[in-house]
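Enquirer: Here is my input, please return the structure:
(one chain, ligands or ions: 2)
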Amino acid sequence: MKILMVGAGAIGGYFGGRLLESGQHVTFLVRKRRADRLARSGLVIRSPLGDASLPSPPTVQAHALDQPFDLVIVSCKAYHLPQVIDDMAPAVGADTAILPLLNGMRHLDLLEARFGAARVLGGQCVIAATLDDEGTVRHLNRSHGLTFGERDGSRSTRVQGIAQAMSKAQFESRLSGAIVQDMWDKWVFLASLAGITCLMRAPVGDIVATPGGMQATLGLLDDCRRVAEATGHLPGEAVLQRARSVLTEQASTLSASMMRDLEQGGAVEADHVIGDLLARGESCGLDLPMLRLAYAHLKAYESRRSRSAAS
Ligand SMILES: NC(=O)C1=CN([C@@H]2O[C@H](COP(=O)(O)OP(=O)(O)OC[C@H]3O[C@@H](n4cnc5c(N)ncnc54)[C@H](OP(=O)(O)O)[C@@H]3O)[C@@H](O)[C@H]2O)C=CC1
Ligand SMILES: CC(C)(CO)C(=O)C(=O)O
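Expert: Numbering: from 1, shown residues only. Ligands and ions are numbered 1, 2, ... in the order given. This is a model prediction of the structure:
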C-alpha cells in the first residue's frame, strides 16, 4: 500500500515514522524547511515505548507531487487544512482513501467538499507528542492509539487493507465500526481538556486542586456533552464517566496539545476545536457559558498574538 503522510510534525512524524519503521511504503508530504531538516538529520522519534531513527525518510514537496497514493493520511493543524487540501490534491486518485487524524470534526466537511464523501474515512489518534527545536518527535506519554474506519461503519476491503498495513507498526491501531461516534467521544473530552487547561494555564492536577477548579472543569465537560447530545452524538455513560475521572484526577500532569501550543506562543485550533462545537450547540438553542468563555479566551489570545506579530 502506497501511503502519503501529509505533514511530518508531532502526529505525522510519529505515526508515519512508525509505519516506515515497520516496512511500509510511506512518503511524507512536507514543506521545504521540514524537507531539508529530514534530509539532514533523518526522522528521529524519542519515545518511552521505544526510540526510532530513520535516516533519509522519503519526502515530497507539493510542486513535485504527481501521482496518486492508495492512502493519504492527513496530520496537519486545522488552520493549515485549506492549503493542505490544494497541495495534496495530485495525490488523490479514483481509488485513494483519505484518513484525517486532526482533532475536531469540521475537517471532514472540508475534505468531503473537495474530494467527495466516498474517499474520506474517519480517524483519530490518542497520543501526547510534540516536535522539539531539533525537529525530533518527542512522545510524551505511553499512549499511541490510532483508530480509523468507514464513516458508515462498514468493514470495506480498503479499511481491512489499512488495518493489515498498520498491524505490524509500533502503535495501537484499531479498525472501528463506529468511527464517527468515536470522534465525537474524543471531541467532547478534548474540547473540555483543551478549553480548561488553556483557560487555567495549568495541567489537570493543578486545576482540580484549586477552589472552584473541579466545578469549572465539570461545567465545561457538561457543556460539551450537551452539544453532543443535541446533535445526536451523545457519548455512552462509560465514556463520560472516564472523561470525568481523567479530567478531575488529583495530581494529574495531563494537559492538551493546545495548551502546549499556547504556552509556546503558537497558533491554536480555537475555531476548529472549540468554536465549531460552540456554534453547533448554539444553533440547537443551547446556552453554553463555559464553552463560550473558553472560546472567548482563545480568541482574545489569538488577537493579542496577531497584534504582537504585526508590531
Ligand atoms: N500533538 C499531539 O499530542 C496531538 C495532536 N492532535 C491533533 O493532530 C493534528 C496535528 O497536530 P500536530 O502533529 O501536533 O501538529 P504539528 O504542528 O506538530 O504538525 C503539523 C505539521 O503539518 C505540517 N504542514 C502544514 N501545512 C502543510 C503543507 N501545506 N504541506 C505539508 N505539511 C504541512 C507542518 O509543517 P511545517 O513544519 O512546514 O509547518 C507541521 O509539521 C491537530 O489537529 C492536533 O489537534 C491529536 C492528538 C494529539
Ligand atoms: C486527547 C489528547 C490529549 C490525546 O490524544 C489530545 O488529542 C491532544 O492533546 O490534542
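Enquirer: Distance of the residue in the stretch 201-311 of the chain that ligand 2 sits nearest to relative to Asp36?
Expert: Nearest to ligand 2, among the residues of the stretch 201-311 of the chain, is Ser257, at 3.5 Å (C-beta to the nearest ligand atom). C-beta here means a position set from N, CA and C on the backbone, and glycine is covered the same way. In this view, Ser257 and Asp36 are 25 Å apart by C-beta to C-beta, to the nearest Å.
Enquirer: just checking, Gly122 touches Leu146?
Expert: No: using C-beta atoms under 8 Å, Gly122 is not in contact with Leu146; the gap is 11.7 Å.
Enquirer: Next to ligand 1, which bits of the stretch 201-311 of the chain? Give me the list.
Expert: Contact residues, the stretch 201-311 of the chain versus ligand 1 (C-beta under 6 Å from any ligand atom): Ser257, Glu269.
Enquirer: Just give the nearest non-adjacent residue to Phe189, would you?
Expert: Ala243 (4.6 Å; C-beta to C-beta, 6 or more residues apart in numbering).
Enquirer: My error: substitute Gly149 in the last question.
Expert: Spatially, and ignoring its direct neighbours in sequence, Gly149 is nearest to Ile179 (3.6 Å; C-beta to C-beta, 6+ apart).
Enquirer: How many residues are close by the one you found?
Expert: Counted with other C-beta atoms under 10 Å, the neighbours of Ile179 add up to 23.
Enquirer: For it, give its distance to Gly123.
Expert: 7 Å.
Enquirer: Give me the common contacts of these two.
Expert: Each of Thr147, Phe148, Gly149 lies in contact with both Ile179 and Gly123 under the rule C-beta atoms under 8 Å, 6 or more residues apart in numbering.
Enquirer: Can you dump the C-alpha atoms of the helix or strand harbouring the first one in PDB for me?
Expert: Following DSSP states H and E, one finds Thr147 within strand 137-149. Output for strand 137-149, consisting of C-alpha atoms alone and laid out as PDB, is shown next (Å, rounded to 0.1, in the frame of the first residue of the first chain):
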ATOM      1  CA  VAL A 137       9.400  13.900  17.600                       C
ATOM      2  CA  ARG A 138       9.000  13.700  21.300                       C
ATOM      3  CA  HIS A 139       6.400  11.200  22.500                       C
ATOM      4  CA  LEU A 140       5.400  12.500  25.900                       C
ATOM      5  CA  ASN A 141       3.200   9.700  27.400                       C
ATOM      6  CA  ARG A 142       2.600   6.000  26.900                       C
ATOM      7  CA  SER A 143      -0.500   6.200  24.700                       C
ATOM      8  CA  HIS A 144      -0.200   5.800  21.000                       C
ATOM      9  CA  GLY A 145      -3.500   4.700  19.600                       C
ATOM     10  CA  LEU A 146      -4.800   5.300  16.100                       C
ATOM     11  CA  THR A 147      -8.500   4.500  15.400                       C
ATOM     12  CA  PHE A 148     -10.000   4.600  11.900                       C
ATOM     13  CA  GLY A 149     -12.900   3.300   9.900                       C
END
